[in-house]
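*Asks:* Structure for the following, please:
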Amino acid sequence: MSATATLVLLIVGAYLMGGIPFGLLVGWVKGIDVRTAGSRNIGATNVSRLLGRPYGVLVFALDVLKGLVPTVIAGSVLIGLGGREGPPEAVRYLCWLAIGIACVLGHNYPVYLGFRGGKGVSTSLGVTLGVYPDLTIPGLAAFGIWVIVVATSRYISVGSVAAGVAFPILFLVIARYRGRSVIDECWPLLAFSVLLGVLVVVRHRANLGRLLAGTESKIGRRPMEQMRKGAP
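*Replies:* Now for the predicted structure:
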């Protein structure tokens, strides 16, 4: 199989795997269509609100894995393309990150659900963990910011947007600390980190509107109470 065909196969496979709606599937097992209750989103946050935290954690882990697994596989395959030493670093990064973006787009716009999916935070985390070590460290740091902001504000959307905005900044700081030349060596990584941050913010624009209106839901309510109140 040619290198181009291999790359296309990896991108399509990453998109299809990223589009697996684990939140919807878990909801179906429990007798709830998460698209019709709560925020009507298939992500871990809505599952947690509707079914309880353990199910939200399960969906979060599965969504992380569907970003991590294709990215790790792609990294291993791309090293072997183009001869013994593989393609030039910038080209390999572009191909690798195209596969990562396909995972996130699959989650956000899954073909299985008429291109209406989640918000991509957990799948984006999985992708960053898979691009080791260049994005793994800033990805974990951004996740730490998410945890801190959510714990203090009780708004998952605020934590997600904060992590998305911080991610490219963290990448730049850590790349400089590691002596990496962003311009010459790893500019695709910077472009990717900015794109991920933009996707996260764009996918949370409705949440930002509710925050400004004072109607955004905080975490901590019991699932059935959340359903009775019809929380957005």
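*Asks:* Return the set of buried residues in the longest helix anywhere in the chain.
*Replies:* With secondary structure taken from DSSP state H, the chain has its longest helix at helix 53-79. Across helix 53-79, burial judged by 16 or more other C-beta atoms under 10 Å covers 55-56, 58-60, 62-68, 70-75, 77-78. Using the backbone N, CA and C atoms, a C-beta is placed for each residue, glycine as well.
*Asks:* can you check stretch 132-140 too?
*Replies:* Buried, per 16+ other C-beta under 10 Å, within stretch 132-140: 134-135, 137-139.
*Asks:* Name the nearest of the residues you listed relative to residue 195.
*Replies:* Of all those, residue 195 sits closest to residue 135, with 12.1 Å by C-beta to C-beta.
*Asks:* contacting residues for the residue lying closest to that closest one once chain neighbours are set aside?
*Replies:* Once flanking residues are discounted, residue 135 sits nearest to residue 128: 4.2 Å by C-beta to C-beta, 6 or more residues apart in numbering. Residues counted as contacts of residue 128 (C-beta atoms under 8 Å, 6 or more residues apart in numbering) are 135-136, 138-139, 142, 167, 196.
*Asks:* at 10 Å instead, please
*Replies:* Going by C-beta atoms under 10 Å, 6 or more residues apart in numbering, residue 128 touches 64, 67-68, 71, 100, 134-143, 167, 171, 189, 192-193, 196.
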